[in-house]
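K.L.:
Here you go, sequence then predicted model.
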Amino acid sequence: MTEFTSEFRDDLQRLMQWRRDVRRFRTDPVDEALLKECLDTFLLAPSVGLSEPWRVIRVESDQARAAALKNYEAANAEALKGYDGDRAALYANLKLSGMQESPVQLAIYCDDATAKGQGLGAATMPEMRRYSVVGAITQFWLTARSFGLGVGWVSILDPAQLNRDLDVPSEWSLVAYLCVGWPEELSDTPELAKAGWENRDNTLPIQSR
């Protein structure tokens, strides 16, 4: 049995604390070997029924990046309409995407129709496949952070439009659009908390039944 030291546990806690959603990137390139080392953590991730349903698309061409950025800008403008007054003004000033600066952009999908795993564990909860993808993303994110890389999750998108723009199979569902690169600055405080949008809870609500 592998035993971990208290120092390792402390470092792991700090790593999780510093795993922030980065939206302000330098444009410096990311070494391909380093990116591969981070992406290889997907191969270590657990998945329901050992289905390994994650599918990764590197969004590299100018055409694909422009389409994704246009998608975000349209979705963001629509989201702004859902707020008014001071909250709308605050929202309008938030930087919610690093898509214009980040050197690496990844569209992470779940193959909902994969035959791998033989459907084990997904019959009553097919969404478990997508949860498996989220778990793999978390491992990737922590690994990237351990090397000093930043990751930002862009969720203000029209998935159907992105699927068409990237020409993905119809049975794939978008889980995450990730911006990856070297952050402009390091902070252990969520950017939304610094901007006054919301505060982090300091206690975990646990209920008994």
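P.N.:
Now that the structure is in, tell me what you want to look at. Numbering: from 1, shown residues only.
K.L.:
ok, longest strand in the chain?
P.N.:
Looking across the chain with DSSP state E, the single longest strand is strand 172-181.
K.L.:
Give the buried residues for the helix or strand of the chain with the lowest mean pLDDT.
P.N.:
When each helix and strand of the chain is scored by mean pLDDT, DSSP states H and E, helix 191-194 comes last, with a mean of 89. By 16 or more other CB atoms under 10 Å, the buried positions in helix 191-194 come out as 191-192. Quick note: C-beta positions are derived from backbone N, CA and C, even for glycine.
K.L.:
residues making contact with it?
P.N.:
For helix 191-194, the external contacting residues (CB atoms under 8 Å, 6 or more residues apart in numbering) are 20-21, 23, 94-95, 187, 198-200.
K.L.:
hmm, try it at 7 Å
P.N.:
21, 23, 198-200 (CB atoms under 7 Å, 6 or more residues apart in numbering).
K.L.:
do the same with stretch 151-170
P.N.:
21-23, 57, 64, 67-68, 71-72, 75-76, 79, 96-99, 102, 107, 109, 141, 144, 174, 176-180.
K.L.:
out of those, which are buried?
P.N.:
21-23, 57, 64, 67-68, 71-72, 75-76, 96-99, 102, 107, 109, 141, 144, 174, 176-180.
K.L.:
Show me these that map onto helices.
P.N.:
Among those, the members found in helices (DSSP state H) are 64, 67-68, 71-72, 75-76, 141, 144.
K.L.:
Let me know the helix or strand that the residue positioned nearest the centre of the chain is in.
P.N.:
Centre of the chain computed as the mean C-alpha position; nearest residue by CA atoms, centre = their mean is residue 153, 3.7 Å away. Element membership for residue 153 (DSSP states H and E) is strand 150-154.
K.L.:
CA atoms of that strand as PDB?
P.N.:
Output of strand 150-154 as PDB, limited to C-alpha atoms (Å, rounded to 0.1, in the frame of the first residue of the first chain):
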ATOM      1  CA  GLY A 150      -3.500  28.200 -15.900                       C
ATOM      2  CA  VAL A 151      -6.800  26.700 -17.100                       C
ATOM      3  CA  GLY A 152     -10.000  28.600 -17.700                       C
ATOM      4  CA  TRP A 153     -13.400  26.900 -18.300                       C
ATOM      5  CA  VAL A 154     -15.600  28.800 -20.700                       C
END
